[in-house]
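[1] With the input below, show me the fold.
(2 chains, ligands or ions: 2)
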Amino acid sequence: MPESDEAKRGRAIVVTSGKGGVGKTTTTANLGTALARRGARVALIDADVGLRNLDIVLGLESRVRHHLLDVLEERSSLDDALVADKHTDGLFLLAAAQAREKDDVETTKMQALVSSLRERFDYVLIDSPAGIELGFKNAVAGASEAIVVCTPEVAAVRDVDRVVGLLGNRFRPQLIINRLRPQLVRKGKMLSVDDVNGILRLPLLGVIADEPEIIVTTNRGEPLALRTQNTTGAAYHAIAARVAGEDVAAPVPPESKASILERIGSLFGGLRR
Amino acid sequence: MIEFLKRLFGQQGSSATAKERLRLVLMTDHLELAPEMIEAMKRDLVELISRYVEVDRERIEVNFERQDRTLAMLANIPILGVNRPNGNGAVTHEAPKPQPEPVATVAAPPSDSKPPVRKRKRRKKSQRARTQLPSTA
Ligand SMILES: Nc1ncnc2c1ncn2[C@@H]1O[C@H](COP(=O)(O)OP(=O)(O)OP(=O)(O)O)[C@@H](O)[C@H]1O
Ligand SMILES: [Mg+2]
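    Ligands and ions are numbered 1, 2, ... in the order given. Below you'll find the predicted structure:
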């Protein structure tokens, strides 16, 4: 394919992590929302076949009629399977099959699907399952770029390191650090951004705080990125701007302002030891 | 000031422990994922040491071991023969004489100032360089 055509196609970005439960699905939903709110056309693919989640996080579970495997196995057209988001124009979801297994996906068909979505969308975000087996490989197969999500924990960093090794020759992933707790970092009880990225050494897209509101937004099926007045919601928009190539700083949770009292408290905490 | 006081009272957060564990675990992971690199290193090591002494290529062992805060490479390289020094310090290559086996041991990186390769002449087989851990026999 000539280069000019390649440039016109959308970007296919896989969101992955190795370790489970670190926030891939949450990140995909919020980043997709933020990108679409910038005016881009965005398709989200839930590649976690057998453990469908992305529809829930987006509040779209009642609208899903067909899923990824229906499309791959030609029981449904792509247009019938793409669900328009409730809250954000230009955002669409292709849900995972719940009653099937990751191994049911044919890698070449997945590649072809992502490729055809790239003709129609500016961004195709692929929510990868945890692990490094076939489900992960299928999620990665059609992607042109990768975002790795990592929490500030030893096991998560180790797994991301492994995943980066596996992705290595194809593309250099960008990093989102999720669930950082600035208070704990300040007290020396949690790995800091520098600790994590001093080891991973990846281009940092941004840092998302451990955010109690995410529980609320997931309960409601309304991604936090819909609320730009929320600091974490705004952080997703800054990450989206960076993904889009804008020259803005990587968002980092505000050093939660420790009051004088808290500082004295932690000092005495130190003394008591 | 508070940082200073914290340090004064020895507050060492668990994040320091996490960082240290992470560093070591990743070194081990990376070695495990690069067996060809270890083979290449073994070959180079043997070639280097063979310039000075004749070694038993079949019985070379290279192991990696977690020590307190470092990862150590322990190489056990049986020596078959040592050339006679020719007086002015230069080493010439002669046919190795059959003789009792000394053992050269390389241990890295416990960073004491000893030279990394220790050659022992006419010592008992069991003699080991001091830097080697007892568990790598
Ligand atoms: N920044 C955050 N702050 C607080 N909670 C979060 C944050 N990010 C994710 N979570 C919560 O962590 C849990 C796991 O998140 P999510 O499902 O996005 O992870 P995942 O990586 O997709 O998991 P899996 O590997 O199972 O697919 C969810 O309950 C989610 O609400
Ligand atoms: Mg998920």
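[2] So, low pLDDT: which residues of chain A?
    A:1-7, A:256-273 (pLDDT under 70).
[3] List the contacts of the residue of it found nearest ligand 2.
    Ligand 2 sits closest to A:Thr25 of chain A, with a gap of 3.3 Å, by Cβ to the ion. Every residue, glycine included, has its C-beta placed from N, CA and C. By Cβ atoms under 8 Å, 6 or more residues apart in numbering or on different chains, the residues touching A:Thr25 are A:Asp46, A:Asp48, A:Asn53, A:Leu54, A:Val57, A:Asp127.
[4] Secondary structure class of the closest residue to B:Ala72 other than its chain neighbours, three-state.
    Once flanking residues are discounted, B:Ala72 sits nearest to B:Glu65: 5.1 Å by Cβ to Cβ, 6 or more residues apart in numbering or on different chains. Here B:Glu65 is recorded as strand under DSSP: H, G, I helix; E, B strand; the rest coil.
[5] can you count the residues close to B:Glu65?
    Counted by other Cβ atoms under 10 Å in any protein chain shown, the residues lying close to B:Glu65 total 15.
[6] That one against B:Asn76, yeah?
    No - proximity of B:Glu65 to B:Asn76 does not meet the contact threshold set by Cβ atoms under 8 Å, at 12.0 Å.
[7] Can you give me the neighbour number for whatever residue of chain B ends up closest to chain A?
    Residue of chain B nearest chain A, by Cβ to the nearest Cβ: B:Gly13 (2.3 Å). Using other Cβ under 10 Å, B:Gly13 is surrounded by 17 other residues.
[8] and the stretch 1-150 of chain A, which residues reach ligand 1?
    A:Ser17, A:Gly20, A:Gly21, A:Val22, A:Gly23, A:Lys24, A:Thr25, A:Thr26, A:Asp48, A:Asn53, A:Ala130 (Cβ under 6 Å from any ligand atom).
[9] tell me which of those residues is nearest to B:Glu54?
    Comparing these against B:Glu54 with Cβ to Cβ places A:Ser17 closest, at 51.2 Å.
[10] quick one: contacts for the closest one?
    A:Gly23, A:Lys24, A:Ser128, A:Ala130, A:Val148, A:Val149, A:Cys150, A:Ala156, A:Asp159, A:Val160, A:Val163.
[11] Contacts only, for the fifth one.
    Yep, that's A:Val148 we're talking about. So A:Val148 contacts A:Thr16, A:Ser17, A:Gly18, A:Val160, A:Val163, A:Val164, A:Pro173, A:Gln174, A:Leu175, A:Ile176, A:Leu202 (Cβ under 8 Å, 6+ apart).
[12] Of these, which is the most crowded?
    With neighbours defined as other Cβ under 10 Å, the most crowded of the contacts of A:Val148 is A:Thr16; it has 30 neighbours.
[13] Excluding chain neighbours, give the residue nearest to A:Gln89 in space.
    To be clear, residue A:89 is Asp; Gln isn't right here. With sequence-adjacent residues excluded and distances taken as Cβ to Cβ, 6+ apart, A:Asp89 is closest to A:Ala36, at 6.8 Å.
[14] my guess is that neighbour meets A:Thr88, correct?
    Yes - the criterion here is Cβ under 8 Å, and A:Ala36 meets it with A:Thr88 at 4.7 Å.
[15] one step back: so which of the contacts of A:Thr25 reach ligand 2?
    When contact is defined as Cβ under 5 Å from the ion, the contacts of A:Thr25 meet ligand 2 at A:Asn53.
[16] Now secondary structure, neighbour count and distance to B:Leu31 too, for the contacts of A:Thr25, in a markdown table please.
    Listed next are the contacts of A:Thr25 as a markdown table, based on DSSP: H, G, I helix; E, B strand; the rest coil; neighbours: other Cβ atoms under 10 Å in any protein chain shown; distance: Cβ to Cβ, whole Å:
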| residue | secondary structure | neighbour count | distance to B:Leu31 |
| --- | --- | --- | --- |
| A:Asp46 | strand | 31 | 36 |
| A:Asp48 | coil | 28 | 32 |
| A:Asn53 | coil | 21 | 36 |
| A:Leu54 | helix | 26 | 37 |
| A:Val57 | helix | 25 | 39 |
| A:Asp127 | strand | 26 | 33 |
